[in-house]
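Enquirer: Could you work out the structure for the sequence below:
(chains A and B)
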Amino acid sequence: MKWPWFRNKVALGIAVAGLAVVLGLAGWLRPVGWIFDHTLGYAVRPLVGVGVTTGEFFGNLGRIKDLASDNQKLTQENLQLRQRLAADSEVRQDNEALRQQLGLGPAAGLQQVSAEVVAFQPDSYRQFVTTNRGSKQGLAVGLAVMSDGVLVGTLSDVQSNSARVVLVSDPEFRLVAKDQESGALGVVHGQLGSGLVMEKIAQTDTIKAGDSIVTAGLGGQVPAGLLVGQVRSVDEHVNAVFQSAQVATPVRASGLRFVFVVRP
Amino acid sequence: MHGECMKWRPVLLVAAGLLVQLGLLVPWRPLGVVPSLALAIAVWMGLMSGASEAVGLAAVAGLAMDFASGSYFGLWTLLLPAVALGASAVRQMGLEPGKLWPALGLVLIGTIAADVAVWLGLVGLVDSWPIGLMVGKMVLELLFNILLAFALWPVARWMAAGERE
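Expert: As a prediction, this is how the structure comes out:
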């Protein structure tokens, strides 16, 4: 046994790793991060698609038994959505006619920047992804990120050519949202392993299962009206100041491949 | 010549391991958890390779994992070298290299340490702790990581063979 030699190695190893962590936390390892991104990152990117597809494949295998009931539910939902679309079309025409009469220009649309997901959070608990678009493409911290018409998260860290997204299902995610049907306001945040919860809803407000939850557009850079999910159940606490609701979101970190960053 | 043989095999193993870890296992998330091939490699490197090589490569691999991560910068940079050092210490105690049980034990300890570190980082962010779900995830991770360590056994022997050449 060569213990003195080994102790030196231990001290050196701990010192080097500790120094790297301190420098990294202080933000002084950005150039090293850039080197990793442009070497290992480029090598990893072609594999990410394979990893996502493999996850989807095995995920779908587990859902085969639910296909019949899912199909029935989706058919019903499709019918309801067609009815709503027809009604919305009337409302849109009325809105345009009124805007014309009032001399207002057409409502400004949202600008979207497409981005590819190139990295995922390497632990089983947190929900972050990294995209291949950054400040050079006009992205900034706090912007909303969408996929398949649903809010998937917001940008939490932006570099020149990459940006990190904190997903709605992460415990760190917090955003003011509202019930589209009743207008009830609340704070939506991610829960560990069980989707989203909408809290701080006033007891006087009405909220029920099946309601759509959308962004409220209060503060920050997230515009109003982006779909977050649907109310799954309401937790009414009679003696509490606020009520809360469980919100179902179709967002699954492992299935994300392409996203859109929304610029107001 | 011997020195060169000792170097390229662990470097190749770490590079390939990082590609598989970050490119396949992390996006795949089998059964909702992320198996840690990097952890299994750090253990085997500590047991089969030189201590300085094992620690250095584990630190580089940890740094790469931390750059890919959105939170807890430093978790992998500290954990992987620590595990590699632990494995080197086990080897220094005179244990015959290539034994499976010490590797599995170290993978078990490393997995628990990584999960506990992430849980500690969640204090203040989480209102209610789903203990069953968290323990379930950790058990699944343990099973996957032990399987990975077992699968890497022949590779570790190949690495040790390079060291003996």
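Enquirer: Provide a list of residues in contact with the residue in the stretch 51-200 of chain A that chain B sits nearest to.
Expert: As assessed by CB to the nearest CB, chain B sits closest to A:Phe128 within the stretch 51-200 of chain A, at 2.8 Å. Every C-beta, even on glycine, is put in place using the N, C-alpha and C of the backbone. Contacts for A:Phe128 (CB atoms under 8 Å, 6 or more residues apart in numbering or on different chains) come out as A:Phe120, A:Gln121, A:Ser156, A:Arg164, A:Val165, A:Val166, A:Leu167, A:Asp170, B:Ser69, B:Gly70, B:Ser71.
Enquirer: how about a cut-off of 7 Å?
Expert: A:Gln121, A:Arg164, A:Val165, A:Val166, A:Leu167, A:Asp170, B:Gly70, B:Ser71 (CB atoms under 7 Å, 6 or more residues apart in numbering or on different chains).
Enquirer: pLDDT at it, what is it?
Expert: Per-residue pLDDT puts A:Phe128 at 91.
Enquirer: Name the nearest residue to it, sequence neighbours excluded.
Expert: Of all residues not flanking A:Phe128 in the chain, B:Gly70 sits nearest, at 2.8 Å (CB to CB, 6 or more residues apart in numbering or on different chains).
Enquirer: Does the one you found lie in a helix or a strand, and which?
Expert: Here B:Gly70 sits in a region with no helix or strand, counting by DSSP states H and E.
Enquirer: how deep is it tucked in, by neighbour count?
Expert: B:Gly70 has 23 neighbouring residues, counting by other CB atoms under 10 Å in any protein chain shown.
Enquirer: if I read this right, it contacts A:Ala119, doesn't it?
Expert: No: using CB atoms under 7 Å, B:Gly70 makes no contact with A:Ala119, being 8.9 Å away.
Enquirer: In a helix, A:Arg63, correct?
Expert: Yes: the assignment for A:Arg63 (DSSP: H, G, I helix; E, B strand; the rest coil) places it in a helix.
Enquirer: circling back: pick out whichever of the contacts of A:Phe128 sits closest to B:Gly98.
Expert: Nearest to B:Gly98 among the contacts of A:Phe128, counting by CB to CB, is A:Gln121 at 33.8 Å.
Enquirer: and the closest one, how many neighbours does it have?
Expert: Neighbours of A:Gln121 (other CB under 10 Å): 24.
Enquirer: residue contacts, the one residue sitting closest to the centre of chain B?
Expert: Nearest to the mean C-alpha position of chain B, by CA atoms, centre = their mean, lies B:Leu39 at 0.7 Å. Listed by CB under 7 Å, 6+ apart, the contact set of B:Leu39 reads B:Leu80, B:Val83, B:Val107, B:Gly110, B:Thr111, B:Asn145.
Enquirer: The first one reaches B:Ala42, doesn't it?
Expert: Yes: with contacts counted by CB under 7 Å, B:Leu80 reaches B:Ala42, the gap being 4.5 Å.
Enquirer: quick one: low-confidence ranges for chain A?
Expert: Chain A contains residues with pLDDT under 70 at A:1-7, A:9-10, A:105-108, A:194.
Enquirer: Any residue of the longest helix seen in chain B touching chain A?
Expert: The longest helix of chain B (DSSP state H) is helix B:100-122. Yes: Helix B:100-122 reaches chain A (CB under 7 Å from any CB of the partner chain) through B:Val118, B:Leu122.
Enquirer: any chance you could map the helices in the chain?
Expert: Reading this off chain A. Using DSSP H, helices in chain A cover A:3-25, A:30-38, A:40-63, A:67-101.
Enquirer: Not quite, go with chain B.
Expert: Under DSSP H, chain B gives helices at B:2-20, B:26-28, B:37-48, B:51-68, B:75-92, B:100-122, B:131-151, B:153-164.
Enquirer: Between helix B:51-68 and the fifth one, find me the angle.
Expert: Translated: helix B:75-92. 160 degrees (axes from the mean of the first three to the mean of the last three CA atoms, to 10 degrees).
Enquirer: so A:Ser147 makes contact with A:Val259?
Expert: Yes: here A:Ser147 reaches A:Val259: they are 4.8 Å apart, a contact under CB under 7 Å.
Enquirer: Settle it for me: which of the two has more neighbours?
Expert: Taking neighbours as other CB under 10 Å, A:Ser147 and A:Val259 compare with A:Val259 leading, 23 against 20.
Enquirer: ranking the helices of chain B by burial, who's on top?
Expert: helix B:37-48 (a mean of 30; mean count of other CB atoms under 10 Å in any protein chain shown).
Enquirer: Next one: the nearest residue to A:Leu47 once chain neighbours are set aside from A:Val50, what distance?
Expert: Excluding the flanking residues, the one nearest A:Leu47 by CB to CB, 6+ apart is B:Gly23, at 2.7 Å. Using CB to CB, to the nearest Å, one obtains 7 Å as the distance from B:Gly23 to A:Val50.
Enquirer: more crowded one of the two?
Expert: Set side by side, B:Gly23 and A:Val50 show more neighbours around B:Gly23, with 24 against 13, by other CB under 10 Å.
Enquirer: Do you know the pLDDT at that one?
Expert: pLDDT for B:Gly23: 90.
Enquirer: thought it was touching A:Tyr42?
Expert: No: at 10.9 Å, B:Gly23 does not count as touching A:Tyr42 under the criterion of CB under 7 Å.
Enquirer: I figured B:Gly86 was touching B:Leu108, is that so?
Expert: No: assessed by CB under 7 Å, B:Gly86 is found out of contact with B:Leu108, at 11.6 Å.
Enquirer: Show me where chain B dips below the pLDDT cut-off.
Expert: Using pLDDT under 70, the flagged stretches of chain B are B:1-7, B:97, B:162-165.
Enquirer: ok, B:Leu57 - contacts?
Expert: Applying CB under 7 Å, 6+ apart, the residues contacting B:Leu57 are B:Pro10, B:Val11, B:Val14, B:Met45.
Enquirer: Pull the most distant pair out of the residues you listed.
Expert: The most widely separated members of those are B:Val11 and B:Met45, with 10.3 Å between them, by CB to CB.
Enquirer: Could you pull up the residues touching A:Trp34?
Expert: Contacts for A:Trp34 (CB under 7 Å, 6+ apart) come out as none.
Enquirer: Run a quick neighbour tally on the nearest residue to A:Arg164 once chain neighbours are set aside.
Expert: Leaving aside its chain neighbours, A:Arg164 sits nearest to A:Asp157 (4.2 Å; criterion: CB to CB, 6+ apart). Using other CB under 10 Å, A:Asp157 has 15 neighbouring residues.
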